[in-house]
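Engineer: turn this into a model:
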Amino acid sequence: MFTDRYAAMSLPLVVAATWVCIRDRRLLVVRPGGQDAFYLPGGTPESGESLAQTTVREVAEETGIQLRPDDLRPLLEVVAPAHGRPGVNVRLVCFTASSDGEPIAAAEIDEVAWFTAADAARCAPAVREVIGRLVSDGVMA
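Structural biologist: As a prediction, this is how the structure comes out:
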């Protein structure tokens, strides 16, 4: 974690809207091509797009799963160092919504997986924080 919270807050910040999907106490994660870490499905907003709209669009592009903005519920937010981008933080705005759809690797995604806390080291720092909170809340193994 950061030794100086205020110094960490002054770093450039990228905002990403993401979907937290848990099934059988496992978290859905995706790995983009050319990346060595797993992320939550989601991404950065396009001009004029709400965070919920971003989540719906990105989840559909990356996993083929169709969500509706009205079905999304805010879950949590974390700020952590951006993976592979020294000197940049990412703020993950995490939503949850029910879906029975089966995710597939689409667009820039090479791999889809269902992780437990034991797999956290394979994730980007912000996703590791999300996993820690989900485990603390008792919803993830």
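
Engineer: please count neighbours and contacts with C-alpha atoms only from this point.
Structural biologist: OK.

Engineer: all helices of the protein, in order?
Structural biologist: Assigned by DSSP state H, the chain shows helices spanning 5-9, 51-63, 125-136.

Engineer: between those, which gets nearest to residue 96?
Structural biologist: Residue 96 lies closest, by C-alpha to C-alpha, to one member of those: helix 51-63, at 9.8 Å.

Engineer: centre of the chain to that closest one, how far?
Structural biologist: Centroid separation for helix 51-63 versus its chain: 11 Å, with C-alpha atoms, centre = their mean, to the nearest Å.

Engineer: picking that back up, okay, the helices of the chain in TSV with mean pLDDT, mean neighbour count and distance to residue 81 next?
Structural biologist: Below are the helices of the chain laid out as TSV (pLDDT from 0 to 100; neighbours: other C-alpha atoms under 10 Å; distance: least, C-alpha to C-alpha, whole Å):
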stretch	mean pLDDT	mean neighbour count	distance to residue 81
helix 5-9	48	12	9
helix 51-63	98	23	20
helix 125-136	98	19	6
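
Engineer: low-confidence ranges, the chain, go.
Structural biologist: With pLDDT under 70 as the threshold, the chain has low-confidence stretches at 1-10.

Engineer: which residue is the nearest non-sequential neighbour of residue 130?
Structural biologist: Leaving aside its chain neighbours, residue 130 sits nearest to residue 78 (7.0 Å; criterion: C-alpha to C-alpha, 6 or more residues apart in numbering).

Engineer: list the contacts of that neighbour.
Structural biologist: 91-93, 126, 129-130 (C-alpha atoms under 8 Å, 6 or more residues apart in numbering).

Engineer: please apply the same query to residue 66.
Structural biologist: 56, 59-60, 101.
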